[in-house]
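[1] Kindly generate the corresponding structure for this input.
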Amino acid sequence: MRKKLRNTIIISASSLIVLTAGFLIFYPVPDPPVIKLKTARDSLSVAAKNQADRYSPDLFRQAQTCYDSAMAIWGRENERFIYIRNYDMVEDYARLSGKMANFASESTLAMMAELRQNLIPRTDTLNILLKKINDKYSNYPYPPEIHERISRGKMLLKDAETAFKSNMFLEAESFLTESENLLLSSWEFADLNLRQYFTSYPTWKKWIDRTIEASKTNGEYSIIIDKFSRKLVVYNKGKKINEFSAELGRNWVGIKRVKGDKATPEGMYKILRKLEGGRTKYHKALLLNYPNDEDAARFRRDVSNGALPASANIGGMIEIHGNGGKGVDWTEGCIALKDNEMDIVYRYVNIGTPVTIVGSMQDIDKVLEK
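    Numbering: from 1, shown residues only. Model (predicted):
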């Protein structure tokens, strides 16, 4: 009886083994989605190469998250018995990862193309503005903070152009936007101040007309100094006969109010003395009658109403002199010419020759349209 039971158990066990072996032989083992994961990984690699992490960060991050989820589920499934592993979710996440990565690449390339197209005209416009600033206001006595803004604006514009050439369009846009803010605000400051300064043009025009008419009437020489254009213009018998580049006081915009303000005065003056040799350290010099009556009256008013302190000194010793040609405004308020040009002017003039100094010989519209 025992023998019969043992044989039955052996036969049953054998049958179970045979059935199990048959099942294992004919039941397929789930294949891991290696190809789909590689496709997703390749799509992520392309997206990263296209800088999708910077231009389309949300899409790229979602694609990366889906890929990470696929790998995590694959790892968990691989810990299970081989015949009961299920890679369906791995495939779904891998497929979604690849799709999101492709979207990120497409979005990035479109955004880069759009940025590139937008940056080109913006850069061109800013270069034109910078040229205007250089042409119109290269010698303008900006406050130090405005000089700093212009210098930084120029530097950022160069940085933007360098980034653009390297296809770093986001950096280029950032540099360009900051440069625009700096240069535009500097331009607006200069333009506003210049227009305010040129409100004196009607007065300058009267001085100019009177000076030229006097030269025409008495047949003598006269000089007009145009501060904005940095020109000393010589007239004889009412006609312009010569013109020279001039250098001024460092704070040349506006009138001279007080000693030490480094401003070149404005008004109608005359030559008091002609100096040469050991009488001047500036090769040759023509001393003007600054302060004239109008300068003195204005100075007294400013002291009286508190615009200037009682200890203020109106100053003097304003000359047309040599030692110029430095290419910058450097004097304490005088007008400097190159020595050889000073020799020519010196020969033209005499004691009493009119010297009229104005902000500009042209109105603001003509100045700005150039």
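
[2] Spatially central, which residue of the chain would that be?
    Gly153 (2.4 Å; Cα atoms, centre = their mean).

[3] pLDDT value on that one, please?
    We have a pLDDT of 95 for Gly153.

[4] That one belongs to a helix?
    Yes: with DSSP: H, G, I helix; E, B strand; the rest coil as the criterion, Gly153 is located in a helix.

[5] how near is it to Ile146?
    10 Å (Cβ to Cβ, to the nearest Å). All C-beta atoms are positioned from the backbone trio N, CA, C, and that covers glycine.

[6] Check Asp302 too.
    For Asp302 relative to Ile146 (Cβ to Cβ), the value is 26 Å.

[7] Would you mind confirming that Leu109 makes contact with Lys49?
    No: under the criterion of Cβ atoms under 8 Å, Leu109 is not in contact with Lys49, lying 11.1 Å apart.

[8] Which of the two has more residues huddled nearby?
    Leu109 (15 against 10; other Cβ atoms under 10 Å).

[9] any idea which element the more buried one lies in?
    For Leu109, the host element (DSSP states H and E) is helix 88-137.

[10] Just name whatever secondary elements that helix is in contact with.
    helix 34-49, helix 52-55, helix 57-78, helix 144-165, helix 169-197 (3 or more Cβ pairs under 8 Å, 6 or more residues apart in numbering; DSSP states H and E).

[11] Quick check: chain neighbours aside, which residue is closest to Ala160?
    Phe175 (3.7 Å; Cβ to Cβ, 6 or more residues apart in numbering).

[12] Count the neighbours of that neighbour for me.
    That count, for Phe175 with other Cβ under 10 Å as the rule, works out to 22.

[13] ok, now Phe228?
    22.

[14] quick one: it and Val367 touch, right?
    Yes: here Phe228 reaches Val367: they are 6.5 Å apart, a contact under Cβ under 8 Å.

[15] Please tell me the pLDDT value assigned to the spatially closest residue to Glu161 that is not a sequence neighbour.
    Ranked by Cβ to Cβ, 6+ apart and with sequence neighbours excluded, the top spatial neighbour of Glu161 is Thr123, at 6.4 Å. As predicted, Thr123 sits at a pLDDT of 95.

[16] you'd agree Thr123 is up against Phe164?
    Yes: at 6.9 Å, Thr123 and Phe164 qualify as touching, with contact defined as Cβ under 8 Å.

[17] what bridges to the closest residue in space to Lys326 that isn't next to it in sequence?
    Nearest non-adjacent residue to Lys326, counting by Cβ to Cβ, 6+ apart: Glu247, 6.2 Å away. Going by DSSP bridges, Glu247 is paired in beta bridges with Ala336.
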